[in-house]
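Asker: build the 3D model from these lines:
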Amino acid sequence: MTFPGLSRPMRANVRHRVPAAPARPRLSVAASVGGEHQPTPLGKAHQQIEDALTAFEDRLSPILGGEQSGAITAEGRSQMVHDAAAPALDLIDQAQARAADLASTADSDYRQARCGLSPRPNTTLDALNHDAYWRRTSRELDAVPAERVAAECQRSIADATPDELRSLATELGPYLRSRSAPDDWVDTALQQAHPPLQAAADRRRLTRQGADIIASNARAARRALQSAASGSYKRPRLLDPSPKYDPDAVAEPVGSERGPATRDGYRP
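Answerer: Below is the predicted model of the structure:
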């Protein structure tokens, strides 16, 4: 693994201090199990970066101390710092990849929930009901001026029964495009009408934000390791994604607070 900048020697007459590692951050928690907080996947990724920096500081301190005492030359120190940083870099890369995988999984789960809202009819009767409802609805929408059709479609989603919602989830996108009307709002409206889809959307959004924070932490940690080559190492302050940006860092599932039961029978 290459690590630019770690081959530059430090000046021999500069005293080097490795700052004491700050208190370990509180782990993200999903819920209290047996009276103890359990780490979340994003919390583990965050803690792994913190632990990687702590382990690097433990290896760095005797290296700098040996150089100051004359037991290690500047050239020898450069290679030793490089070697000390390599395991930490690997752990940081792993933590960032783990967070990215979580975001990818949340995105896949949302797409699956969205597809599940508009499945193929299971029976001939289901198909007939779908066709009859959509023929009636599309005729009504055809009579609406183009500038008002999106608003009328939104009203249809808000008033739909579960079976009607499944038909709208399948048909509205292509219909709006055929009318040259915007359809980028359809998923948001479906989420508002279907709590499980809203929960999947909330989880996707929070997991993406948490993964972005982990990626930012990883970049800050790498920069700090690079700075060790010039003797200016300073432990970065890393942002813990919990509880604001971690969907598992609360005791209740994301999207669980929904108020009264909706027309489609879901009660939070």
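Asker: every contact and neighbour count from this point should use C-alpha atoms.
Answerer: Fine.
Asker: on the three-state scheme, Ser242 is what?
Answerer: coil (DSSP: H, G, I helix; E, B strand; the rest coil).
Asker: care to break this structure down by domain?
Answerer: 37-117+207-268, 121-193 (automatic domain parsing).
Asker: so which of those is the most packed in?
Answerer: Most buried of these, by mean neighbour count (mean count of other Cα atoms under 10 Å): domain 37-117+207-268, with a mean of 19.
Asker: and the longest helix along the chain, what does it pack against?
Answerer: Determined from DSSP state H, the single longest helix within the chain is helix 74-116. Judged by 3 or more Cα pairs under 8 Å, 6 or more residues apart in numbering; DSSP states H and E, helix 74-116 is in contact with helix 41-68, helix 195-227.
Asker: of these, which shows the lowest average pLDDT?
Answerer: Sorting those by mean pLDDT places helix 41-68 lowest, at a mean of 86.
Asker: next, the angle helix 195-227 makes with that helix.
Answerer: Taking axes from the mean of the first three to the mean of the last three Cα atoms, to 10 degrees, one finds helix 41-68 and helix 195-227 inclined to each other by 0 degrees.
Asker: circling back to that earlier point, compare the helices and strands packed on helix 74-116 and give me the one nearest Leu176.
Answerer: helix 195-227 (21.2 Å; Cα to Cα).
Asker: and Pro121, which of the helices and strands packed on helix 74-116 is closest to it?
Answerer: Nearest of the helices and strands packed on helix 74-116 (Cα to Cα): helix 195-227, 19.4 Å.
Asker: how far away is Arg205 from Asp212?
Answerer: Distance, Arg205 to Asp212, by Cα to Cα, to the nearest Å: 11 Å.
Asker: I figured Ile92 hits Asp51, correct?
Answerer: No. With contacts counted by Cα atoms under 8 Å, Ile92 stays clear of Asp51, the gap being 9.4 Å.
Asker: right, and the helix or strand after the helix or strand where Leu125 lies?
Answerer: If you go by DSSP states H and E, Leu125 is part of helix 124-142. Next helix or strand after helix 124-142 toward the C-terminus (DSSP H and E): helix 146-159.
Asker: now do that following helix: which elements does it pack against?
Answerer: Helix 146-159 packs on helix 124-142, helix 162-178, helix 186-193, going by 3+ Cα pairs under 8 Å, 6+ apart.
Asker: okay, those in JSON lines with mean pLDDT next?
Answerer: Shown next, in JSON lines, are the helices and strands packed on helix 146-159 (pLDDT from 0 to 100):
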{"stretch": "helix 124-142", "mean pLDDT": "91"}
{"stretch": "helix 162-178", "mean pLDDT": "93"}
{"stretch": "helix 186-193", "mean pLDDT": "95"}
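Asker: quick one: which of those is nearest Ser227?
Answerer: Using Cα to Cα, the helices and strands packed on helix 146-159 put helix 186-193 closest to Ser227, at 45.0 Å.
Asker: ok, residues contacting stretch 161-174?
Answerer: 117-119, 130, 133-134, 153, 157, 183, 186, 190, 263-264 (Cα atoms under 8 Å, 6 or more residues apart in numbering).
Asker: including distance to Ala103, could those go into a markdown table?
Answerer: Formatted as a markdown table, the contacts of stretch 161-174 follow (distance: Cα to Cα, whole Å):
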| residue | distance to Ala103 |
| --- | --- |
| Leu117 | 21 |
| Ser118 | 24 |
| Pro119 | 25 |
| His130 | 34 |
| Tyr133 | 37 |
| Trp134 | 35 |
| Cys153 | 31 |
| Ile157 | 29 |
| Asp183 | 25 |
| Val186 | 23 |
| Leu190 | 22 |
| Arg263 | 31 |
| Asp264 | 29 |
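Asker: which one of the residues you listed is nearest to His46?
Answerer: Leu190 (33.4 Å).
Asker: so what's the closest one up against?
Answerer: 157, 165, 169, 197.
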